[in-house]
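**Q** okay, sequence plus prediction incoming.
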Amino acid sequence: MPGLDRIAENAGTWLGIAALLVVGFATGGDIWTVAVQPLFVVVFVEGAVYVGLFTVAVAFTGFLLVYDVWRSDTGDRIASGPPVQAIVPAYRDASVVDESVTSLLQNNYDPLEIAVVVEPDDDRTRARATELAARYGSVECLLNDRPGSKATAINCAVEHSDADHFVVFDADERASAGFVGTAMGALLDGADVFQGRRIPRPTGAIETLAYCERVVVQSAYLIGEFVGFTHCQSSATGFTRAAFDAVGGYADVLTEDIYFSHQCHRADLTVAQNRRCTSSMEAPHTLRDLWGQRKRWRIGHVQVVHVRLREALEGPRGLTDAVAVGRAVGALLAGGTLLMLASHVLFLTLIDPGSVLLPFGSILAVILGVWSRDALEGRIGRPSWTLAFVPLVYLGHGILTVKAAFEYAFTWGGEWYQVTKTGA
């Protein structure tokens with residue numbers, strides 16, 4: 001028998017989803033009239049207005065993303081300089097940790113040391129990291145002295161290193177050969193933090209959806225950049241020790257990367273973004289893993305919003321903080337309104353199926369524009385047939401947002417979901 005908290009969570013989730021869908025469908029047919037007498041009178045249905053605005057937003061941010069990944073790499077890349085410490089947090093990653101280590105070893109930068117940070121209760125990953133350290137002189141296996149999260153693993157490695165420059169990668173990531181040199185070029189040129197682009201490897205049907213979802217999210221990041229908020233992460237990331245100290249390291253929260261972005265924004269750090277510097281990561285291979293991973297990220301986003309709102313209310317408030325908090329809250333609200341938008345699309349499909357071809361076409365054009373660049377660079381192959389279902393990513397994102405909000409409020413106890421990694 002589920003407890004009252006679980007009942008409240010499930011009821012809130014399903015009622016919230018249903019309410020947004022019903023309201024969206026019911027208002028999709030509302031009539032908007034624009035009259036400029038005596039010249040003309042134009043009548044719209046509300047659904048067409050909002051879907052049209054959504055299409056413009058997708059096309060605009062998508063164009064910027066496609067342009068960014070296709071333009072020439074203008075970043076300075078250096079082959080040698082100050083020592084760099086690469087950090088690879090690894091937990092239950094014995095089968096994939098070779099991916100990041102071997103790709104980092106192939107980076108065209110010197111000197112580079114690699115620390116694989118493992119958890120005390122993960123014997124298999126510790127054994128594999130020890131083997132890699134014995135094989136390669138520039139690799140070491142480091143035990144997390146404050147076990148329990150990726151954030152503390154990164155902090156542990158920084159504190160144990162004498163370097164002043166760092167790059168961080170997930171265990172299953174394949175770093176591009178020029179990543180460290182490009183990151184160091186940006187950091188030595190005055191940037192505090194460097195962020196590359198990450199893509200899931202689309203090796204099958206589910207993996208294709210994961211790749212497309214990442215493209216959708218990456219184009220949405222551009223909206224934040226218009227107000228001066230640049231997203232930086234805890235993978236495919238470089239930073240200086242001074243930047244790390246300025247924000248107090250990574251916070252031990254579910255999505256330490258989202259909070260790190262806020263930390264950097266509050267500290268007024270310079271974040272250099274280079275989307276041509278691309279690494280790839282293993283994608284979820286099942287719908288269950290795709291759902292579980294994305295739900296963890298959305299719960300983490302809700303947690304960050306909660307923390308940031310509390311900080312804003314308790315501490316000093318300024319315009320910079322208001323922009324960051326507003327951006328975080330807005331992202332959550334936008335996730336929920338995607339359900340209403342989905343209902344508008346359904347309404348328009350019923351009355352005029354041809355009217356939804358433009359928004360669907362815009363979404364696919366953005367995906368294919370980015371995909372073709374990654375394929376040309378040899379990172380990925382042909383897309384799966386599931387590419388046709390990419391518009392459903394927005395519906396799923398809306399459902400996940402509502403689910404995450406109620407789960408965080410009622411039943412979430414700090415646990416996190418880890419997908420199965422096979423080295424694909």
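**A** That came through, no problem. Predicted model, so just to flag it, every value in this text is computed and none were measured.
**Q** what kind of secondary structure is the nearest residue to Tyr417 once chain neighbours are set aside in?
**A** The spatially closest residue to Tyr417, leaving aside those adjacent along the chain, is Gly292, at 3.9 Å (CB to CB, 6 or more residues apart in numbering). Using the backbone N, CA and C atoms, a C-beta is placed for each residue, glycine as well. Here Gly292 takes the helix state, with states given by DSSP: H, G, I helix; E, B strand; the rest coil.
**Q** ok, now how distant is Gly292 from Gly326?
**A** For Gly292, the distance to Gly326 equals 29 Å [CB to CB, to the nearest Å].
**Q** settle it for me: which of the two has more neighbours?
**A** Between Gly292 and Gly326, Gly292 has the larger neighbour count (other CB atoms under 10 Å), namely 17 against 14.
**Q** list the residues that contact the more buried one.
**A** Contacts here follow CB atoms under 8 Å, 6 or more residues apart in numbering; on that basis Gly292 touches 284, 417, 419.
**Q** now do the contacts for the last one.
**A** The reference is to Val419. Val419 sits in contact with 284-285, 289-290, 292-293, where contact means CB under 8 Å, 6+ apart.
**Q** now the spatially closest residue to it that is not a sequence neighbour: which helix or strand?
**A** What sits nearest to Val419 in space, not counting adjacent residues and going by CB to CB, 6+ apart, is Asp289, at 4.1 Å. Mapping Asp289 onto the secondary structure by DSSP states H and E places it in helix 287-314.
**Q** circling back: okay, the residue nearest to Tyr417: pLDDT?
**A** Per-residue confidence (pLDDT) for Gly292: 95.
**Q** now Thr102
**A** Thr102 carries a pLDDT value of 96.
**Q** now the angle from the helix or strand that Asp321 is a member of to helix 287-314?
**A** According to DSSP H and E, Asp321 maps onto helix 319-351. Comparing the axes of helix 319-351 and helix 287-314 via axes from the mean of the first three to the mean of the last three CA atoms, to 10 degrees yields an angle of 140 degrees.
**Q** elements contacting helix 319-351?
**A** Taking 3 or more CB pairs under 8 Å, 6 or more residues apart in numbering; DSSP states H and E as the contact definition, the neighbouring helices and strands of helix 319-351 are helix 4-27, strand 40-45, helix 46-70, helix 256-266, helix 287-314, helix 392-410.
**Q** so which residues make contact with the first one?
**A** So that's helix 4-27. Counting by CB under 8 Å, 6+ apart, the neighbours of helix 4-27 from elsewhere in the structure are 2, 46-47, 336-337, 339-344, 346-347, 398-399, 402-403, 405-407, 409-411.
**Q** not counting its neighbours along the chain, what's nearest Ser138?
**A** Nearest non-adjacent residue to Ser138, counting by CB to CB, 6+ apart: Glu113, 5.3 Å away.
**Q** in a strand, that neighbour, correct?
**A** Yes: the assignment for Glu113, made by three-state DSSP, places it in a strand.
**Q** residues in contact with it?
**A** Counting by CB under 8 Å, 6+ apart, Glu113 makes contact with 83-86, 138-140, 161, 163.
**Q** what do you get for Ala79?
**A** With the criterion set at CB under 8 Å, 6+ apart, Ala79 makes contact with 108-110, 181.
**Q** gap between it and Val193?
**A** Ala79 sits 22 Å away from Val193 when distances are taken as CB to CB.
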